[in-house]
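Student: model this:
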Amino acid sequence: MNAVSYGLSPAAYWNLDAGGSDTWLDWLIGGTGEVLFDQKFMGLFSLLFGAGVVLFAERAEAKGRRAGWFSLWRNILLLFIGLAHMALWDGDILVVYAVCAPLVILLRRRKPATLLVAGSLIVLSSAAGAALVQSNVEDPIGELGEGLWFDAGSMSDAAGGWFLYDVLARGLGMMLIGVALYRLDVLTGRRDRDFYRRMVATGLLFGLPLAALGLALVAAAGFSGDLALVGSVPNTVATIPIVLGYVSAVTLWDAASDSPLRRRVRAAGQMALTNYLTQTVIGIAVLRGLFDRGQLSRSGIAVFVLAVWALQLWWSQAWLARFRYGPAEWLWRVATYRRWQPLRLNSP
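Tutor: This next block holds a predicted model:
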């Protein structure tokens, strides 16, 4: 989904009819992305980030550090990384994670049931906000413009406020759910395989049709903007079960017998920050530099995405065969601990 933001107009990220949909293949790719990926990958990474915040705090406590303050310092550094990234691309998510992290640190000791309920309600509050804002829209172009649903027109204060709240609520809500799942040993892979199979089946069977309903609603309205934000409501609600299905599927896949592809995917995960930042650099350079923004359609951008994935799967394993951490991960670690960290595998 990020590549659409690099290569097409701002509104085309939200509205399939706003650009890049020139052929039936473009529409198929765009629709598939809306149902399978939009909000879901952010939700998945937010869930894992929330669990990571707690894991880091636990390890800090085990070493006798003041876990709360140490975790806060680490996320202040992440905030600066995100702000630098945002100067290159306004779709950065690291700032959201860094801003939400202090609340996760404060709430990390709450009961898993409390975290699950709180996280779910926070995510769902964004869906409720979308419906409320849409119910008061009288002039879609005049209120949902400036890149929200239309590139022309303007964005109302209500729509702009919801837009900001939406990304924060979905980020924080899924982070809290991630903490709960970590506490319940769901993310550690310690549950039996039947548990994860049920999670996959239940999450996807409930979530995917709901996400498709959101797309169907806006398509039935001709992408006019009359149901623009209402269409996001089923998609937001569907994010929670779909992400639970995805994380369970990944757990099952990772627990299976080892393979070259699994090793490459694990290496890419270890270099997640480096890969996230370099995706932006490559995307901006190619989709706004080598090509003019809007020159490639959604199908062309999809080919670009596959090429970048292949490149990162290759270089992640090649890098970690020689070094302990990815470049960005190493710099973040050095700044966090405020002392030099060994980088090469053969370093003492």
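Student: In the stretch 1-150 of the chain, mark out all the helices, start to finish.
Tutor: In chain order, the stretch 1-150 of the chain shows helices spanning 2-7, 10-14, 24-36, 40-62, 67-88, 94-107, 112-135, 140-143, with DSSP state H, counting those that start in this stretch as the criterion.
Student: among the ones you listed, which is the most enclosed?
Tutor: Highest mean neighbour count among these (mean count of other Cβ atoms under 10 Å): helix 2-7, with a mean of 23. Quick note: C-beta positions are derived from backbone N, CA and C, even for glycine.
Student: contacts for that helix?
Tutor: Helix 2-7 is contacted from outside by 12-13, 20, 33, 89, 91, 279-280, 283-284, 286-288, 291, 293-296, 298, 300-301, 304-305, 308, using Cβ atoms under 8 Å, 6 or more residues apart in numbering.
Student: I'd like to know which helix or strand in this protein has the lowest mean pLDDT.
Tutor: Lowest mean confidence among the helices and strands of the chain (mean pLDDT, DSSP states H and E): helix 140-143, at a mean of 90.
Student: just to revisit the earlier point, save the helices of the stretch 1-150 of the chain as a markdown table, and put in distance to residue 322 too.
Tutor: A markdown table is the format used below for those (distance: least, Cβ to Cβ, whole Å):
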| stretch | distance to residue 322 |
| --- | --- |
| helix 2-7 | 28 |
| helix 10-14 | 37 |
| helix 24-36 | 35 |
| helix 40-62 | 24 |
| helix 67-88 | 23 |
| helix 94-107 | 26 |
| helix 112-135 | 39 |
| helix 140-143 | 53 |
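Student: How about the contacts made by residue 189?
Tutor: 251, 254, 255.
Student: And for the first one, the neighbour number?
Tutor: Around residue 251 sit 20 other residues, with neighbours defined as other Cβ atoms under 10 Å.
Student: likewise the last one?
Tutor: Here the neighbour count serves as a burial measure; for residue 255 (other Cβ under 10 Å) it reads 11.
Student: And residue 19, by the same measure?
Tutor: If we define neighbours as other Cβ under 10 Å, then residue 19 has 21 of them.
Student: any idea of the angle the helix or strand encompassing residue 243 forms with helix 24-36?
Tutor: For residue 243, the element it lies in under DSSP states H and E is helix 232-255. Put simply, helix 232-255 runs at 80 degrees to helix 24-36, going by axes from the mean of the first three to the mean of the last three Cα atoms, to 10 degrees.
Student: on contacts alone, who are the packing partners of helix 232-255?
Tutor: Taking 3 or more Cβ pairs under 8 Å, 6 or more residues apart in numbering; DSSP states H and E as contact, the helices and strands that helix 232-255 lies on are helix 40-62, helix 112-135, helix 157-183, helix 193-220, helix 260-270.
Student: for those, which one sits closest to residue 333?
Tutor: Closest of the helices and strands packed on helix 232-255 to residue 333 is helix 40-62, at 11.0 Å (criterion: Cβ to Cβ).
Student: which other helices and strands contact the closest one?
Tutor: Counting by 3+ Cβ pairs under 8 Å, 6+ apart, the packing neighbours recorded for helix 40-62 are helix 67-88, helix 94-107, helix 157-183, helix 232-255.
Student: Format those helices as a markdown table; extra columns: mean pLDDT.
Tutor: A markdown table is the format used below for the helices and strands packed on helix 40-62 (pLDDT from 0 to 100):
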| stretch | mean pLDDT |
| --- | --- |
| helix 67-88 | 96 |
| helix 94-107 | 97 |
| helix 157-183 | 97 |
| helix 232-255 | 96 |
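Student: right, so of these, which gets closest to residue 199?
Tutor: Each of the helices and strands packed on helix 40-62 was scored for nearness to residue 199 using Cβ to Cβ, and the closest is helix 232-255 (3.7 Å).
Student: Using CSV, write out every CA atom in the closest one.
Tutor: What follows is the C-alpha trace of helix 232-255 in CSV, where atoms were taken according to Å, rounded to 0.1, in the frame of the first residue of the first chain:
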residue,chain,number,x,y,z
SER,A,232,-13.9,2.3,5.8
VAL,A,233,-16.0,1.2,8.8
PRO,A,234,-16.3,-2.5,7.8
ASN,A,235,-12.7,-2.5,6.8
THR,A,236,-11.6,-1.1,10.2
VAL,A,237,-13.8,-3.6,12.1
ALA,A,238,-12.4,-6.4,9.9
THR,A,239,-8.8,-5.5,10.7
ILE,A,240,-8.8,-7.1,14.1
PRO,A,241,-9.9,-10.6,13.1
ILE,A,242,-7.9,-10.5,9.8
VAL,A,243,-4.7,-9.6,11.7
LEU,A,244,-5.3,-12.3,14.2
GLY,A,245,-5.7,-14.7,11.3
TYR,A,246,-2.5,-13.4,9.6
VAL,A,247,-0.4,-13.6,12.8
SER,A,248,-1.6,-17.2,13.4
ALA,A,249,-0.9,-18.2,9.8
VAL,A,250,2.6,-16.7,10.1
THR,A,251,3.2,-18.6,13.3
LEU,A,252,2.1,-21.9,11.7
TRP,A,253,4.3,-21.2,8.7
ASP,A,254,7.3,-20.3,10.8
ALA,A,255,7.0,-23.5,12.9
